[in-house]
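**Q** Next one to model:
(chains A and B)
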Number of protein chains: 2
Amino acid sequence: MSLLAKTAGTRRVVIDHVTPSIDGGRNPFKRVIGDWIVFQANAFADSHDLLQVELRVRKVNTEHWQVLPMQALGNDEFETTYRTDSIGLFEYEVAGVVDHYGSWHEGFKKKHQEGVPLDLECRIGAELLEQAAKRASEDHAEQLREWATHLADSSADIETRISLAYSRHVTDIARSYPQRAWETTSPLSLMLIERELAAFSAWYEYFPRSCVYDGHTHGSFKDAAKRLPEIHEMGFNIVYFPPIHPIGREFRKGKNNTLTPGPDDVGSPWAVGAAEGGHKSILPELGSLEDFQHFLDEAEMRGMEVALDIAFQCAPDHPWVKEHPQWFRWRPDGTVQYAENPPKKYQDILPINFESDDWENLWDELKGVFEFWIEQGVKVFRVDNPHTKSMEFWRWCILNIKARHPEVIFLAEAFTRPKRKYFLAKGGFTHGYTYFTWRNTAAELQQYVEELTQGDSKDYFWPNFWPNTPDILHADLQTGNRATFIGRYILAATLSSNVGIYGPAYELLDHEPYPGKEENNHSEKYQLKAWDLNQPGNIKAEIARVNALRNNHEAFQRTFNVQFIPCNNSHIIAYLKQNFEKTDRFIVVVNMDWENKQVGTLDLSGEALGLAHAGNLRLVDQFAAKPTEYIWHDTTPYLELNPQTCPAHIFQIID
Amino acid sequence: MSLLAKTAGTRRVVIDHVTPSIDGGRNPFKRVIGDWIVFQANAFADSHDLLQVELRVRKVNTEHWQVLPMQALGNDEFETTYRTDSIGLFEYEVAGVVDHYGSWHEGFKKKHQEGVPLDLECRIGAELLEQAAKRASEDHAEQLREWATHLADSSADIETRISLAYSRHVTDIARSYPQRAWETTSPLSLMLIERELAAFSAWYEYFPRSCVYDGHTHGSFKDAAKRLPEIHEMGFNIVYFPPIHPIGREFRKGKNNTLTPGPDDVGSPWAVGAAEGGHKSILPELGSLEDFQHFLDEAEMRGMEVALDIAFQCAPDHPWVKEHPQWFRWRPDGTVQYAENPPKKYQDILPINFESDDWENLWDELKGVFEFWIEQGVKVFRVDNPHTKSMEFWRWCILNIKARHPEVIFLAEAFTRPKRKYFLAKGGFTHGYTYFTWRNTAAELQQYVEELTQGDSKDYFWPNFWPNTPDILHADLQTGNRATFIGRYILAATLSSNVGIYGPAYELLDHEPYPGKEENNHSEKYQLKAWDLNQPGNIKAEIARVNALRNNHEAFQRTFNVQFIPCNNSHIIAYLKQNFEKTDRFIVVVNMDWENKQVGTLDLSGEALGLAHAGNLRLVDQFAAKPTEYIWHDTTPYLELNPQTCPAHIFQIID
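**A** As a prediction, this is how the structure comes out:
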């Protein structure tokens, strides 16, 4: 019956509708360091008394609150603005208390103006000062008691008593000791302040084992390091490896996901674990832990970070299967059911049973995997299929890691239904994969981006756009059309400040599908593969140009600052990106018909676009191999986009 | 650190976004008995397992849950519809659990279709039946174990095992025993189901002490009872008295709120308490407790209920002041500060100090006042100025009373800022007074009614429209214009299903203000008053006609079913009211220029109005002294409204 219980009756203030706040504060909303956050709350009490309302913020697991007074906006609404100056997982609350001295002070001034006799009023104020003194620091207490004595002294000069009552200084000190025992606080709420890389990143995924393939050689971290200069030149700032752990031998997959591997087949890196070890071990062929750390150093030298792929699933020969059989679901025939995602079957992978009675140890061990790699220096993780593991596990695991290691970034590979994606994001995942890959018309894409950038989800779900992955080769790309590969990267990289590709498949336009599937043929997931990195027709230069624009322009370093521009040709998508101060502004235009030239006119007149000089714009196409200037003399500029030459413009607005 | 704590790890289901729900369920949403309520929630888990989601509802302070299975709508949304069939304060929760047997059953059917060998699958199903048996009732347990044995028996005929696996009966029983220990529940939430009178009522306030005034006689309950037939004929169903308690003698107010009463002055009924008693006593001049109960009986005989006015404030000679001095705020001169609402001063009234250390006893005593009168048979209360008393007190007091006496109706006289009005409503007040009195143009009134009927507040804030009160005589009424009094009552009574007037001042067009104030001169608040109930020009017949329409037509028995109709004359307000089934439909048109004839055309073409035959309507003006038929041949009917004859039409749509 707690909903009907007597709550502390001396708490006269009601506080509600604290914003921002997700799920009543249980889950954090997200911001980037340096952001200004506007906090609002409703606060009110009975009668005419004034209130003191404040916001309190502190890092979780710390004692000291940062206190920000909230200003009354009228209509019982209060507000304060908080500048984020350090990353971390924070908790905050709004506290409200009746301002007894301040209310008396205001009433006193009115009564003075009305000519009411003031001796009694002064004596009431003196009582309030005495009460404040009891709650005050030692030196203030003494001062408050002195003032109280003077204010109460009916024999003293009334004019000096009145000026004491009016005194701003006295009021400020008295008000700083309100009746805190009677204050009301909102439920403790969470807030996650992320580092800049969480808001702006370009990921490059590749398989280290394929970095030197010549028909027989297995690549290593050392070989992978040799590719870093080139990846850096393309402008990426995160390099990301599929799982680097020992690969199971039982039920190992052969090339093209067959069930009959040859003796030399290397298996799928996602079939984690073998006799050599599990999630805290490295596949010997890739190198030692020292080799891995050396790779981290090499990347760091170039300003890049390294992402690991954590897949919480086990090959049948993963050590956990023997050591912790209670973490798996055993069938009546003594086997464990392998993973399925109909119609896909993963015979080489055993799922973990999150309904285990031993769940506490399981949770600790899984969190320990991240902590182990964080100790080695890894600060970015891509998590494989998180939506097939317990939702509340992720929230607990990630928030607890963020509490101690706020710099760590988690990307959720959850291609699943919206509410599950969103819950994972609220549980602390920094980024989520999206449906970008399957939004293939201008209208579909605009609608999707507006959903991501204008809805409530932007407070927690930050998209990461991937034109391809080792699992996904969309039909659009299966044509091998160069314009498609360029255009899809431009869209991903300018619509989302977080973007990634799986290379070198992408820049080399690798497009042959496994027949009937949305996947590359001869996929690197199941075999070593040779790549000609300088293959003619590659789009390394185009990717580098897009990434350079991203790296040099704030307009592209956030996702939620996009505004679409109407175009009278449904093949053409156009949008404005601009930084907060509107000093860095771009119009991106892409012809999403990758085969045919399309022409159209944009409509720049919309008020929301805020293009004051829309009828007279000077622009430079910064994506063109040679930057080219354009002048638009009216608000309906005409455009031609021929995919045979170039499917897109990235116009910088000069003035 | 509870926000980062390990929660029960075997709970794989997440439930959020339960609707309807106010303030996370802490405060009740409201409905009327007989209403259909659609409950929705999001529920999802990891992986591909199916869920079982249900709504549980019970009266507070009872044990037994009513359980309603929720249907999956897709996209992780679930829904059920609940028919309210008894009044009361209810609590509800949404529970979700993984449907292990159902998930296996669906998977089994797929595998059967795919031609997978089924022996092992049957044995897995048998294990799930065994587990269900452990949780089942005794007879079901035996049956489940028998089925398990058969399903697991590899030597048995596979076809009979398969039909057992397919059996709907087996599945239904197995699914009725899910792993409840692992279920997730939403926070317990409150819901208030009100009786019909809460949704539809017409109040008539009058002073019993003025019922026989002849220059010296003080009226009594017996005198007040004599007016019941006439009030009943006017169509009211609640009669409401100002406070009936002993009236303080210290600082008693004289006529017209003067500070110098004569020896015969009767004082304000809101100055509660004197030597004879306080909030549980009756002013001796009005009669005894038996007389009061007799009055209740007289009202009940006519189908009317009696509302009492509870004002939690004390005259200086109220017994509480001596008995519980700790409930008052004493000033340094040994007096208690009287109530103020600048510029109004209530020298005869002491406010209660809700910051008293003795608040628990205070709360109990105040709640006890309601309970005392409920015991005497009172089921309706008007509460004076609740916003000047502790907000949380009201929530506790009213919800606890509603839990035991759900039939009791509380009207909040809170003319205050919106968030405070809304909080009182969420805390259980059935109705609230509104700003209706001060919305005096068609545009103002339409905007206000749309705010009340279309916003979120309609789930908890139910308006009660009063054209006048003993405290409020709006300038519009001070003219004494008959059309104004008729028109304002029509507006109040057809825009809000809950309506009230202060009579006989209203029906007799009493309009002389105290100079410079929005109040009647020679107010009954401070003196006995004689009324000529049959005074020429009275509007009793018009009020009776409006109330008869309300009492006979469902269209007027709800507030939230109003749709405004555009009119090209800004003086004219027009709206459609219809019942849920759209079988009872009215168009109300009022000329809010009370002086001059206005003409205009309505626009009935709006799709939202849903007037299929808008171009060919037959109507009858049921408010006209003699009902008159109209035919509208197009969607822009022309109207003339002359306040000299009648300011309004109340058209019933015939076909």
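
**Q** Now do the same contact list for A:Arg482.
**A** A:Arg482 makes contact with A:Leu509, A:Gly537, A:Ile539, according to Cβ atoms under 8 Å, 6 or more residues apart in numbering or on different chains. C-beta coordinates here come from the backbone N, C-alpha and C atoms, glycine included.

**Q** With A:Ala505 instead?
**A** Taking Cβ under 8 Å, 6+ apart, one finds A:Asn468, A:Pro470, A:Asn520, A:Glu524 in contact with A:Ala505.

**Q** Tell me how many other residues crowd the closest residue to the third one other than its chain neighbours.
**A** Meaning A:Asn520. If the residues on either side of it in the chain are set aside, A:Asn520 comes closest to A:Leu473, at 5.1 Å by Cβ to Cβ, 6 or more residues apart in numbering or on different chains. Applying other Cβ atoms under 10 Å in any protein chain shown, we find 26 residues neighbouring A:Leu473.

**Q** Then A:Glu146?
**A** If we define neighbours as other Cβ under 10 Å, then A:Glu146 has 12 of them.

**Q** now the one 4 residues further on
**A** Applying the criterion other Cβ under 10 Å, we find 16 residues in the vicinity of A:His150.

**Q** Could you check how far it is from chain B?
**A** 15 Å (Cβ to the nearest Cβ, to the nearest Å).

**Q** which phi and psi does A:Asn498 have?
**A** phi -110, psi 130 (degrees, to the nearest 10).

**Q** That one touches A:Ser201, doesn't it?
**A** Yes: when contacts are counted by Cβ atoms under 8 Å, A:Asn498 is listed as touching A:Ser201 (5.0 Å).

**Q** Now do the shared contacts for the two.
**A** Common neighbours of A:Asn498 and A:Ser201 (Cβ under 8 Å, 6+ apart) are A:Asn464.

**Q** What residue, apart from its backbone neighbours, is nearest the closest residue to chain B within the stretch 1-150 of chain A spatially?
**A** The stretch 1-150 of chain A approaches chain B most closely through A:Gly9 (3.4 Å), counting by Cβ to the nearest Cβ. Take A:Gly9 and drop its neighbours on the chain: the residue closest to it by Cβ to Cβ, 6+ apart is B:Trp359, 3.4 Å away.

**Q** Could you give the number of residues near the one residue in the stretch 401-550 of chain A that gets nearest to chain B?
**A** Going by Cβ to the nearest Cβ, chain B is nearest to A:Lys419 of the stretch 401-550 of chain A, at 4.4 Å. Per other Cβ under 10 Å, the neighbour tally for A:Lys419 reads 17.

**Q** Then A:Ser210?
**A** Neighbour tally, A:Ser210, other Cβ under 10 Å: 20.

**Q** which residues does it contact?
**A** A:Gly219, A:Glu524, A:Leu528, A:Lys529, A:Ala530, A:Trp531.

**Q** Check A:Asn534 too.
**A** Contacts of A:Asn534 by Cβ under 8 Å, 6+ apart: none found.

**Q** Where does it sit: helix, strand or coil?
**A** In three-state terms, and counting by DSSP: H, G, I helix; E, B strand; the rest coil, A:Asn534 is coil.

**Q** Then A:Glu121?
**A** Each residue gets one of three states, and A:Glu121 gets helix by three-state DSSP.

**Q** you'd agree A:Phe381 is in a strand?
**A** Yes: with three-state DSSP as the criterion, A:Phe381 is assigned to a strand.

**Q** Wait, it touches A:Phe312, no?
**A** No: using Cβ under 8 Å, A:Phe381 makes no contact with A:Phe312, being 11.4 Å away.

**Q** Around chain B, which positions in the stretch 251-400 of chain A sit nearby?
**A** A:331-333, A:341-342, A:351, A:354-357, A:359-360, A:362-363, A:387-393, A:396, A:399-400 (Cβ under 8 Å from any Cβ of the partner chain).

**Q** Just give me the residue closest to the centre of chain A.
**A** Of all residues in chain A, the one closest to the mean position by Cα atoms, centre = their mean is A:Thr430, 3.6 Å from it.

**Q** picking that back up, type out the PyMOL command that picks the buried ones from the contacts of A:Ser210.
**A** The buried residues among the contacts of A:Ser210 can be selected in PyMOL (16 or more other Cβ atoms under 10 Å in any protein chain shown) with this line:
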select buried, chain A and resi 219+524+528+529+531
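
**Q** and A:Arg161, how far is that from A:Ser155?
**A** Separation of A:Arg161 from A:Ser155 (Cβ to Cβ, to the nearest Å): 10 Å.

**Q** Between these two, which is the more surrounded one?
**A** Per other Cβ under 10 Å, whichever of A:Arg161 and A:Ser155 has more neighbours is A:Arg161, with 23 against 4.

**Q** What is the burial count for the nearest residue to that one once chain neighbours are set aside?
**A** Among residues not flanking A:Arg161 along the chain, A:Cys122 sits closest, at 4.9 Å (Cβ to Cβ, 6+ apart). A:Cys122 has 22 neighbours, counted by other Cβ under 10 Å.

**Q** Kindly state the pLDDT recorded for the residue lying closest to A:Arg12 once chain neighbours are set aside?
**A** Leaving aside its chain neighbours, A:Arg12 sits nearest to A:Ala45 (4.4 Å; criterion: Cβ to Cβ, 6+ apart). The per-residue pLDDT reported for A:Ala45 equals 97.

**Q** Would you map the strands across the stretch 251-400 of chain A?
**A** A:305-310, A:313-314, A:339-341, A:344-346, A:350-351, A:380-384 (DSSP state E, counting those that start in this stretch).

**Q** Kindly reformat those strands as JSON lines containing mean neighbour count and mean pLDDT.
**A** Formatted as JSON lines, the strands of the stretch 251-400 of chain A follow (neighbours: other Cβ atoms under 10 Å in any protein chain shown; pLDDT from 0 to 100):
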{"stretch": "strand A:305-310", "mean neighbour count": "21", "mean pLDDT": "98"}
{"stretch": "strand A:313-314", "mean neighbour count": "25", "mean pLDDT": "98"}
{"stretch": "strand A:339-341", "mean neighbour count": "16", "mean pLDDT": "81"}
{"stretch": "strand A:344-346", "mean neighbour count": "14", "mean pLDDT": "83"}
{"stretch": "strand A:350-351", "mean neighbour count": "25", "mean pLDDT": "97"}
{"stretch": "strand A:380-384", "mean neighbour count": "23", "mean pLDDT": "98"}
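
**Q** any chance of those strands in a markdown table, plus distance to B:Cys211?
**A** Formatted as a markdown table, those follow (distance: least, Cβ to Cβ, whole Å):
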| stretch | distance to B:Cys211 |
| --- | --- |
| strand A:305-310 | 83 |
| strand A:313-314 | 84 |
| strand A:339-341 | 81 |
| strand A:344-346 | 85 |
| strand A:350-351 | 81 |
| strand A:380-384 | 78 |
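
**Q** among these, which is nearest B:Lys111?
**A** strand A:339-341 (10.3 Å; Cβ to Cβ).

**Q** For A:Val321, which non-adjacent residue is spatially closest?
**A** A:Val321's closest residue in space is A:Cys314 (Cβ to Cβ, 6+ apart), at 5.8 Å.

**Q** same check, this time on A:Asn551
**A** Distances taken as Cβ to Cβ, 6+ apart put A:Gly235 closest to A:Asn551, at 5.8 Å, once the chain neighbours are dropped.

**Q** so what's that neighbour up against?
**A** A:Ala202, A:Ile543, A:Ala544, A:Val546, A:Asn547, A:Ala548, A:Arg550, A:Asn551.

**Q** how far away is it from A:Pro178?
**A** From A:Gly235 across to A:Pro178, the span is 55 Å (Cβ to Cβ).

**Q** Right, I'll leave it there.
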